[in-house]
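Participant: Output the structure for:
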Amino acid sequence: MKKSGAFLTVYALEQIGVRKTFGIPGVHNTEIYDQLNSSPQIEPVLVTHEGAGAFMADAVSRTSGSIGTLVIVPAAGMTHALSGIGEAYLDGIPMLIISGGTRKDTGKSYQLHQLDMGKILDGIIKKYILIEKHEDIIPAIFDAYQTAMEGEPGPVFVEIPVEIQMFHADIATFPKLSGLKQNVFEDIIHEKKSKSFSVFADDPNESKSPVQYTVDLLLNANAPGLYVGWGAVDAFEETKRIAELLGAPVSTTLQGLSAFPANHPLHTSLGFGPTATPAGQNAFKNCDCLLAVGVRFSELATGSYGLKVPENLIHIDINPKVFNKNYPAKVSLVGDAKQVLQAVIAELEKRGHKEPANYDTLAEKIRKDKEKYKKSWLKEAKENIVSPGFFFNALRNKLNDDAIVVTDDGNHTFLTAELLPIHMPRHFISPTDFNCMGYGIPATIAAKMMNPHKQVVGIVGDGAFMMTAMELVTAFTHKLGVIIFVFHDGELGQISQFQEIPLNRKTASIIGQINIKGIADGVHAKYLEMLNDVDINGVLNTAFELAQQKHNVIVDVNIDYSRKTFLTTGVVKTNLSRFPVSEKIKMLFRAGKRHILG
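Facilitator: Model prediction:
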């Protein structure tokens with residue numbers, strides 16, 4: 001049967017469950033777009049910029065069961081999308097990028113968009129595939145999907161030359177995807193002892209399995225703790241069960257903020273070191289055995305490596321390359337978090353382990369620490385500015401448990417992490433290790449597209465808002481009903497605070513005056529202004545009523561950034577403590593002089 005490459009491409013995308021694609025049509029992918037127009041399953045979404053499209057694809061993968069997919073033109077479309085591809089790569093998010101390609105059958109050079117994309121993409125994707133003939137398309141896209149999803153997920157790029165898209169060829173069979181291959185966790189000591197299990201080389205009882213050894217460490221600990229990241233987001237119930245069995249406090253990474261419910265009695269905070277709130281710092285003060293699940297101990301997650309990790313570190317991750325990079329592990333277990341934790345639970349229960357006696361005492365201490373910290377943000381309502389404490393307290397009261405919260409990169413991110421409890425897995429998303437500004441608005445739009453019956457709100461700074469605000473045209477086109485809260489302080493808030501604390505200066509971090517109402521009018525969004533704490537509840541009520549009516553809403557929040565988060569102050573202290581004494585004295589002297597003399 002003769003079929004065009006474009007037909008085969010869309011057929012394969014349908015087989016892997018793609019529901020939406022994001023991108024901009026051009027001369028090198030119009031055949032694919034024309035075929036997408038005939039698909040009963042896939043909706044091609046026109047975006048204003050491929051960079052925003054990549055953030056949208058990322059959000060699809062994070063908040064739905066479908067893989068986020070881009071369909072872009074080569075060269076310019078690819079370079080525009082690089083920030084979103086990089087975010088997915090460093091954050092471990094699956095993404096499929098289908099790109100048109102220049103003609104390979106003419107022998108001509110200097111074609112429009114002719115560029116060695118594989119060379120540029122090297123180091124930022126898991127795999128690059130160039131289609132050479134029609135019969136390769138379906139298996140190549142199946143392979144791309146498998147590669148994107150397996151192990152630590154990430155982006156895969158498929159280039160399809162335009163002549164293969166346009167022309168027809170005989171295709172004997174149209175295979176269907178048989179399902180993803182999944183590795184099954186094996187609780188065995190590898191014959192060749194890798195670094196992951198090097199501890200067993202010196203262990204007097206080598207007959208013990210890694211899980212048995214893990215449980216030994218946990219049960220022999222006086223104060224075990226759990227630290228979970230995005231890699232544990234789908235092991236939500238297992239993590240809760242282990243925490244309850246051990247009576248152990250739980251903290252999360254920023255990306256993994258939704259990997260453990262913040263309304264659980266054992267949940268403490270983002271992190272547990274100097275950048276954590278008091279609940280986390282106090283609960284982990286005497287931690288002598290840490291079970292870290294789906295984390296990489298990255299700079300952001302550890303507050304610039306300020307975490308004090310106990311010698312008895314048990315590290316679980318699907319990617320063995322993350323082990324022993326920043327913190328040495330006593331034992332490392334390679335595998336899917338859900339499978340590994342199920343094995344640990346089985347071993348704990350096999351030994352007849354019951355909920356510990358200290359559970360209620362620990363839970364009550366965490367509750368009091370959280371309540372005290374929350375009250376410290378709710379001392380006095382202000383009539384001239386919006387206080388973060390009052391804002392997030394009111395917002396949490398308006399949100400359902402299954403509401404999805406999206407942030408961008410900036411000071412608002414860490415305020416959200418400290419002050420807005422998240423109750424369900426995959427219901428908080430944010431750029432993390434790539435940490436790219438501009439993520440928030442596109443990601444909010446895509447999350448709402450994939451979850452139309454849930455409340456979806458975005459919280460962005462005014463600097464990030466300026467980067468991708470025009471993507472709200474896409475939200476208007478699709479009548480989504482998203483709410484975007486713009487924390488409007490006229491600065492790049494996070495970096496200006498990092499400048500102000502040690503330098504008493506704000507260099508190139510004061511942004512130009514923007515008319516947010518004018519932008520709202522331009523993208524057909526309803527504009528609301530929140531000037532002070534008195535406005536908060538009324539404005540929130542109006543915003544959610546408008547969103548229910550499918551209006552997109554921009555709330556201009558006159559935010560008070562004067563109080564710094566624990567992350568901001570903790571990171572500054574952590575980094576300063578590492579300076580050589582002479583440089584520390586110079587830095588402190590300069591800071592003191594500038595703060596006194598200006």
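Participant: nearest spatial neighbour of D105, skipping sequence neighbours?
Facilitator: Closest residue in space to D105, ignoring its immediate chain neighbours: E163 at 5.0 Å, by CB to CB, 6 or more residues apart in numbering. In short, each C-beta sits where N, CA and C put it, glycine included.
Participant: The one you found touches K108, doesn't it?
Facilitator: No - using CB atoms under 8 Å, E163 makes no contact with K108, being 11.8 Å away.
Participant: Give me the buried positions along whichever strand or helix holds G389.
Facilitator: G389 is part of helix 388-398 when elements are defined by DSSP states H and E. Applying a neighbour-count criterion of 16 or more other CB atoms under 10 Å, one finds P388, G389, F390, F391, F392, N393, A394, L395, R396, K398 buried in helix 388-398.
Participant: if you average pLDDT over that helix, what comes out?
Facilitator: For helix 388-398, mean pLDDT is 98.
Participant: Same check on stretch 466-475?
Facilitator: 98.
Participant: helix/strand/coil for the residue nearest to D105?
Facilitator: What DSSP: H, G, I helix; E, B strand; the rest coil gives for E163 is helix.
Participant: Quick one: neighbours of it, just the number.
Facilitator: For E163, the tally of surrounding residues (other CB atoms under 10 Å) stands at 15.
Participant: How about the contacts made by it?
Facilitator: By CB atoms under 8 Å, 6 or more residues apart in numbering, the contact set of E163 is R103, K104, D105.
Participant: With L480 instead?
Facilitator: Going by CB under 8 Å, 6+ apart, L480 touches I445, K448, M449, P452, K550, N552.
Participant: distance of the fifth one from T477?
Facilitator: Taken as CB to CB, to the nearest Å, the spacing of K550 relative to T477 amounts to 12 Å.
Participant: Same question for the last one.
Facilitator: N552 sits 10 Å away from T477 when distances are taken as CB to CB.
Participant: More neighbours: which of the two?
Facilitator: Shown here are N552 and T477; by other CB under 10 Å, N552 has more neighbours (26 against 12).
Participant: so that one makes contact with I519?
Facilitator: No - using CB under 8 Å, N552 is not in contact with I519, being 11.8 Å away.
Participant: tell me, what's touching the two both at once?
Facilitator: Joint contacts of N552 and I519 (CB under 8 Å, 6+ apart) do not exist.
Participant: any chance of the contacts of L480 in TSV, plus secondary structure?
Facilitator: Listed next are those as TSV, based on three-state DSSP:
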residue	secondary structure
I445	helix
K448	helix
M449	helix
P452	coil
K550	coil
N552	coil
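Participant: Most neighbours of all these, which one?
Facilitator: Busiest of those [other CB under 10 Å] is I445, holding 32 neighbours.
Participant: wait, what's in contact with the nearest residue to that residue once chain neighbours are set aside?
Facilitator: With sequence-adjacent residues excluded and distances taken as CB to CB, 6+ apart, I445 is closest to A475, at 4.8 Å. Under the criterion of CB under 8 Å, 6+ apart, the contact list for A475 reads I445, K448, V482, V523, A525, N552.
Participant: Report the beta-bridge partners for the closest residue to the second one other than its chain neighbours.
Facilitator: This means K448. Closest residue to K448 apart from its sequence neighbours, by CB to CB, 6+ apart: V456 at 4.1 Å. Here V456 shows beta-bridge partners I404, assigned using DSSP bridges.
Participant: any weak-confidence spans in this structure?
Facilitator: Counting by pLDDT under 70, the chain shows low-confidence ranges at 189-207, 598.
Participant: what's the domain layout of it?
Facilitator: With domains defined by automatic domain parsing, the chain comprises 2-170, 195-364, 378-568.
Participant: Adding distance to L180 as columns, could you present the ones you listed in JSON lines?
Facilitator: Listed next are those as JSON lines, based on distance: least, CB to CB, whole Å:
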{"stretch": "domain 2-170", "distance to L180": "6"}
{"stretch": "domain 195-364", "distance to L180": "12"}
{"stretch": "domain 378-568", "distance to L180": "18"}
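Participant: Is Y527 in contact with T542, as I believe?
Facilitator: No - shown here, Y527 and T542 do not form a contact pair, counting by CB under 8 Å, at 10.9 Å.
Participant: Which stretches in the stretch 401-550 of the chain count as helices?
Facilitator: All helices of the stretch 401-550 of the chain, identified by DSSP state H, counting those that start in this stretch, fall at 411-419, 440-450, 462-468, 472-477, 493-503, 516-522, 536-548.
Participant: just the stretch 151-300 of the chain next, same as before
Facilitator: Secondary structure of the stretch 151-300 of the chain by DSSP H, counting those that start in this stretch: the helices cover 162-166, 210-220, 236-246, 278-283.
Participant: Make TSV out of those helices and add distance to K370.
Facilitator: Putting the helices of the stretch 151-300 of the chain into TSV (distance: least, CB to CB, whole Å) gives the following:
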stretch	distance to K370
helix 162-166	56
helix 210-220	25
helix 236-246	16
helix 278-283	5
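Participant: closest one to I429 among these?
Facilitator: Among the helices of the stretch 151-300 of the chain, the nearest to I429 by CB to CB is helix 236-246 (15.3 Å).
Participant: can you state the direction angle for the closest one and helix 210-220?
Facilitator: Orientation of helix 236-246 against helix 210-220 (axes from the mean of the first three to the mean of the last three CA atoms, to 10 degrees) gives an angle of 40 degrees.
Participant: Disregarding flanking residues, what is the spatial nearest neighbour of M467?
Facilitator: For M467, the spatially nearest residue (CB to CB, 6+ apart) is G438, at 3.5 Å.
Participant: Likewise for D369?
Facilitator: The shortest distance from D369 to any non-neighbouring residue, by CB to CB, 6+ apart, is to A279 (3.9 Å).
Participant: what's near enough to touch A169?
Facilitator: Counting by CB under 8 Å, 6+ apart, A169 has contacts K2, K3, G5, K133, H134, E135.
Participant: Neighbour-wise, which one of those leads?
Facilitator: G5 (26 neighbours).
Participant: does that residue really touch I160, like I thought?
Facilitator: Yes - using CB under 8 Å, G5 is in contact with I160, at 6.1 Å.
Participant: between these two, what contacts are shared?
Facilitator: Contact criterion CB under 8 Å, 6+ apart; residues shared by G5 and I160: I131, I137.
Participant: Run through the strands of the stretch 51-200 of the chain in chain order.
Facilitator: With strands called from DSSP state E, counting those that start in this stretch, the stretch 51-200 of the chain shows them at 68-72, 95-101, 127-130, 155-161, 168-170.
Participant: Tell me who's in contact with L254.
Facilitator: When contacts are counted by CB under 8 Å, 6+ apart, L254 touches L270, L300, A301, T413, F414, A417, S430, T432.
Participant: whoops, I mixed them up, K2
Facilitator: Neighbour list for K2: H168, A169, D170, I171 [criterion: CB under 8 Å, 6+ apart].
Participant: what's the nearest residue to the first one if we skip its chain neighbours?
Facilitator: Leaving aside its chain neighbours, H168 sits nearest to K2 (4.3 Å; criterion: CB to CB, 6+ apart).
Participant: Ramachandran coordinates for the one you found?
Facilitator: Main-chain dihedrals, K2, degrees, to the nearest 10: phi -80, psi 130.
Participant: where does it sit relative to S39, distance-wise?
Facilitator: For K2 relative to S39 (CB to CB), the value is 19 Å.
Participant: what do you get for E244?
Facilitator: From E244 to S39 the distance is 46 Å (CB to CB).
Participant: ditto for I516
Facilitator: 37 Å.
Participant: who has more neighbours, the two?
Facilitator: Neighbours per residue, other CB under 10 Å: of I516 and S39, the larger number sits with I516, 21 against 16.
Participant: How many residues are close by the closest residue to that one other than its chain neighbours?
Facilitator: Setting aside the residues directly before and after it, I516 is nearest to D556 in space (CB to CB, 6+ apart), at 4.6 Å. When neighbours are counted by other CB under 10 Å, D556 registers 24.
Participant: Could you verify that D556 is part of a helix?
Facilitator: No - D556 is assigned strand when assessed by three-state DSSP, not a helix.
Participant: re earlier: please report how far the residue nearest to H168 lies from I98.
Facilitator: Distance of K2 to I98, given as CB to CB: 22 Å.
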